[in-house]
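Peer 1: Just the structure for this:
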Amino acid sequence: LVNSPAGTLLCYPVEELLYENPAVALAAVYGITPSTPKNDGIVRLVAAIVLRPGMSLAADDLSERFLSLDMDQWPQTVFIVGALELNDGYRPVKSLLRQAKDKPAQLLASYNLESGAYRLDK
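Peer 2: This is a model prediction of the structure:
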């Protein structure tokens, strides 16, 4: 659960949609407050995913997967990570991802409000 000014955001439905993609081996969705000069104090959802060996994921696929969710449930940013630290219950340790703040690994895509889709930021 992530508490935001818009209400409580659920991470689980986003993670489930990510796991529906056969390229995704492991996913974690968590909240951060961006450390930018224009920080408005609003918590943003972020996703970190580990891809299966030899697989890839396109930014366009993210937009299609998240259509069943309310827009405020869509992660603002999706990162590809090489691995995720797991706890004793084999769940990702999200506190470590939050400590990394805005850039835990390779950026896959960020959500563009104007186009209503994810795009690859190079």
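Peer 1: Ala25: which element?
Peer 2: Element membership for Ala25 (DSSP states H and E) is strand 24-32.
Peer 1: then that strand to CSV, C-alphas only?
Peer 2: Extracted in CSV, the C-alpha atoms of strand 24-32 (Å, rounded to 0.1, in the frame of the first residue of the first chain):
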residue,chain,number,x,y,z
VAL,A,24,8.7,-10.5,-16.5
ALA,A,25,10.4,-12.8,-14.0
LEU,A,26,10.0,-10.6,-10.9
ALA,A,27,8.2,-7.3,-10.3
ALA,A,28,8.0,-4.8,-7.4
VAL,A,29,5.8,-1.7,-7.3
TYR,A,30,6.5,0.9,-4.6
GLY,A,31,6.0,4.6,-3.8
ILE,A,32,8.7,7.3,-3.8
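Peer 1: Any stretches of this structure with poor pLDDT?
Peer 2: Scanning the chain for pLDDT under 70 picks out 1, 3-7, 34-41, 100-109, 111-122.
Peer 1: who are the neighbours in contact with the spatially most central residue of the chain?
Peer 2: Taking Cα atoms, centre = their mean, the centroid of the chain lies closest to Ala47, which sits 1.4 Å from it. Going by Cβ atoms under 8 Å, 6 or more residues apart in numbering, Ala47 touches Val14, Glu15, Leu18, Ala27, Ala28, Val29, Pro75, Thr77, Val78, Phe79. Every C-beta, even on glycine, is put in place using the N, C-alpha and C of the backbone.
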